[in-house]
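*Asks:* What shape does this take:
(chains A and B, ligands or ions: 2)
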Amino acid sequence: MKSVVAQHLIKTYRNGEVRALDDLSLDVEEGTVLSVLGPNGAGKTTTVRILATLLAPDSGHATVGGIDVIKSPEKVREIIGLSGQYAAVDETLTGWDNLVMFGRLYHLGKQASINRANELLERFSLTDSARRPIKTYSGGMRRRLDLAASLIVRPKVLFLDEPTTGLDPRGRQEMWGVIEELVKDGVTLLLTTQYLEEADQLADEIAVIDHGKVIARGTSDVLKKQVGGERLEVVVESAHIKTTMEIVAKVSGDKVSLDEALRQISAPVSTGATALIEVLRALDAAGIHPLDVGLKRPSLDDVFMSLTGHVAEEIVAAPVDKKKKGRK
Amino acid sequence: MKNAISDALVITKRQLLQLARVPEVLIFSTIQPVMFVLLFRYVFGGSISTDQPGGYVQLLMPGIFVQTVAFTLAATASGLAEDMGKGLIDRFRSLPISRSALVVGRTLGDSLLNILVLAVMGIAGFVVGWRPTSGLPQVMLGFLFLLLFGYALSWTGIFVGLSARDARVVQNVSFIITFPMTFLSNAFAPTTGMPRPLQYVAEWNPVSTMVAACRQLFGLENQFGATAGSFPSEHPLVMSLIYMVVIMAIFVPLSVRKYKNSSK
Ligand SMILES: Nc1ncnc2c1ncn2[C@@H]1O[C@H](COP(=O)(O)OP(=O)(O)OP(=O)(O)O)[C@@H](O)[C@H]1O
Ligand SMILES: [Mg+2]
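*Replies:* Numbering: from 1, shown residues only, chains lettered A, B, ... in the order given. Ligands and ions are numbered 1, 2, ... in the order given. Okay, the predicted model is just below:
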């Protein structure tokens, strides 16, 4: 069963000048993780806000847990948890205060709210700082508390908007651990991210979005196949380039390309490590010592590149105006 | 319905907790009006002539009380704008709670704060010579009026807070609303000194009717108004009540609707 379905969502801002979502459709199978991957301004937050009943689309249709988000938002709110892009907790209050307050707002009753708060603080290793105002928390702690607040009533569907943006590598690892555990408990998760690595790590399926549209979707492996399989790469001294190219061509049986500046020869291979050994043996026999050699699986960066013609990060700096022009 | 009330109370409690965690807020929100009392009583008071028995301070205190509750508008507005800025409103809106809970809770919290501030002001007034001559019931009724007026205005604050996108803008907007309102009135000086057209504005100003109502309830003649013999200066209590009802009738639905549709 599909836990989340979005069909043909359109959302514009400033009287249609900015098309935040441009016929976006996606769905998430119950109990799985979908990662919505896209650069800044792609429409990730807009998508999450519509699914979490905070924003009405201009047109289109969406259900969460089988419930229509536009027609019955109150019912949807009972089964979802949302952790927005920026930690949304009361900074003046302590972590404990915050969780108890949210418990009360979920109508848990006083004692149950307190128990649940303690439980969540424990689970997210925040017990020691439970009685400190959030203001004094680190970014990672804040983010964890924010996540805890969205888990108070064990939601069926959880939305996490860029849960690790702004965290240091350790904070990110911790967050990943926490998220992986949630997924083990069976929650359906829709997670947005700008990090290809994160989508790869956490998601069962990835939807790549750009300019408010899903431009590709599938498992990480399927997406990688779209860009082609593995490539073998060898770097050698300039003197050996010609011979090496011949050797690689023989093993690969495909088109060999050369990056002269890097002195790097590469070609697609289908036999993986076997091809690598063959090339190394042949090079050795010819008396050539490669400076570097390896097999490269395409990264999601490559996926993005081949899908959109630009790398994910490049859009970051692109002003909105540019996008508008492209559209009109 | 039961949930709507208990949800609102959770929000009110949150505000009280905030005050408990940062008591400075409370201290500064009382220091400011007390400062006004001292300034007007001792700095300007000397040059404002009145034949009021007990002196200028009798007329001044109701004015200061009304000014203080009028500033609730700014407090409510900036508190809400701050929540918006931090994305807290989004979180509240994603919870299965009544849509009015957050705004109702906030207005209740600000009223509770007003009770405290008015109590401090009353004491400060007493110290500098304010002596209401009516009975205790009338004085209490006066304070109840003040609280209701503050409550009505905090709904205007909700609307301002939700409408502006930035907390600093909210500060300015609330200032632009409340400052002329409190000074273009009979609160501190007689309206008779104003140019004729302004006198009308001042007399119909809800702050003036409120001040006049309080003066009446505290047992004073309203010396600073009543020049034109207009309806508001003849019937300040009735007019103030009408204003409160009108303000609420406009801003409660507007604010609740704004909150439902608010999206940053
Ligand atoms: N309130 C708004 N008014 C005008 N334009 C908006 C508004 N909210 C979003 N947009 C525009 O809609 C587009 C999509 O925004 P959205 O916030 O969904 O992107 P995002 O993928 O979440 O980006 P980021 O990675 O920066 O969070 C952007 O071009 C953004 O400028
Ligand atoms: Mg975003």
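*Asks:* Close to chain B: what parts of the stretch 51-200 of chain A are there?
*Replies:* With Cβ under 8 Å from any Cβ of the partner chain as the criterion, the stretch 51-200 of chain A meets chain B at residues A:52-55, A:74, A:77-78, A:80, A:82, A:84-94, A:97, A:101-102, A:104-107, A:133, A:149. C-beta coordinates here come from the backbone N, C-alpha and C atoms, glycine included.
*Asks:* from those residues, which are also near ligand 2?
*Replies:* Under the cut-off given by Cβ under 5 Å from the ion, ligand 2 has A:Gln85 from these close to it.
*Asks:* and A:Glu233, how many neighbours?
*Replies:* Residues contacting A:Glu233 under the criterion other Cβ atoms under 10 Å in any protein chain shown number 20.
*Asks:* about what we covered before: for PyMOL, write the select line for the buried members of the residues of the stretch 51-200 of chain A next to chain B.
*Replies:* Buried residues within those, by 16 or more other Cβ atoms under 10 Å in any protein chain shown, are selected in PyMOL with:
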select buried, chain A and resi 52+53+54+55+77+80+82+84+85+86+87+88+89+90+91+92+93+94+97+101+102+104+105+106+107+133+149
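*Asks:* Just the ones in helices from the residues of the stretch 51-200 of chain A next to chain B, please.
*Replies:* A:Glu74, A:Arg77, A:Asp97, A:Met101, A:Phe102, A:Arg104, A:Leu105, A:Ala149 (DSSP state H).
*Asks:* so the second one sits right up against B:Phe92, yeah?
*Replies:* No. A:Arg77 lies out of contact with B:Phe92 (Cβ atoms under 8 Å); the separation is 10.5 Å.
*Asks:* quick one on the thing from earlier: for the ones in helices among the residues of the stretch 51-200 of chain A next to chain B, which one is nearest B:Pro96?
*Replies:* Proximity of those to B:Pro96, judged by Cβ to Cβ, is greatest for A:Arg77, which lies at 4.2 Å.
*Asks:* pLDDT value on that closest one, please?
*Replies:* The model reports A:Arg77 with a pLDDT of 93.
*Asks:* Once you drop chain neighbours, what's closest to it?
*Replies:* Spatial nearest neighbour of A:Arg77, excluding adjacent residues (Cβ to Cβ, 6 or more residues apart in numbering or on different chains): B:Pro96 at 4.2 Å.
*Asks:* wait, that neighbour sits on A:Glu78?
*Replies:* Yes. B:Pro96 is within contact range of A:Glu78, at 4.5 Å (criterion: Cβ under 8 Å).
*Asks:* so where do the helices sit in chain A?
*Replies:* Taking DSSP H as the criterion, chain A contains helices spanning A:44-51, A:73-77, A:95-105, A:110-123, A:139-149, A:169-184, A:196-202, A:220-226, A:241-252, A:273-285, A:300-308, A:312-315, A:320-327.
*Asks:* export the ones you listed to TSV and tack on distance to ligand 1?
*Replies:* Shown next, in TSV, are the helices of chain A (distance: least, Cβ to the nearest ligand atom, whole Å):
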stretch	distance to ligand 1
helix A:44-51	3
helix A:73-77	19
helix A:95-105	23
helix A:110-123	26
helix A:139-149	15
helix A:169-184	16
helix A:196-202	13
helix A:220-226	19
helix A:241-252	39
helix A:273-285	38
helix A:300-308	14
helix A:312-315	10
helix A:320-327	5
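*Asks:* out of those helices, which comes closest to B:Lys260?
*Replies:* For B:Lys260, the closest of the helices of chain A is helix A:73-77, at 9.8 Å, according to Cβ to Cβ.
*Asks:* check which helix or strand covers B:Ser6.
*Replies:* Element membership of B:Ser6 [criterion: DSSP states H and E] is helix B:2-21.
*Asks:* pLDDT averaged over that helix - what is it?
*Replies:* Mean pLDDT, taken over the full extent of helix B:2-21, equals 91.
*Asks:* Then stretch A:3-21?
*Replies:* Average pLDDT, stretch A:3-21: 93.
*Asks:* Can you name the residues of the stretch 1-150 of chain A that neighbour ligand 2?
*Replies:* Of all the residues in the stretch 1-150 of chain A, those in contact range of ligand 2 (Cβ under 5 Å from the ion) are A:Lys44, A:Thr45, A:Gln85.
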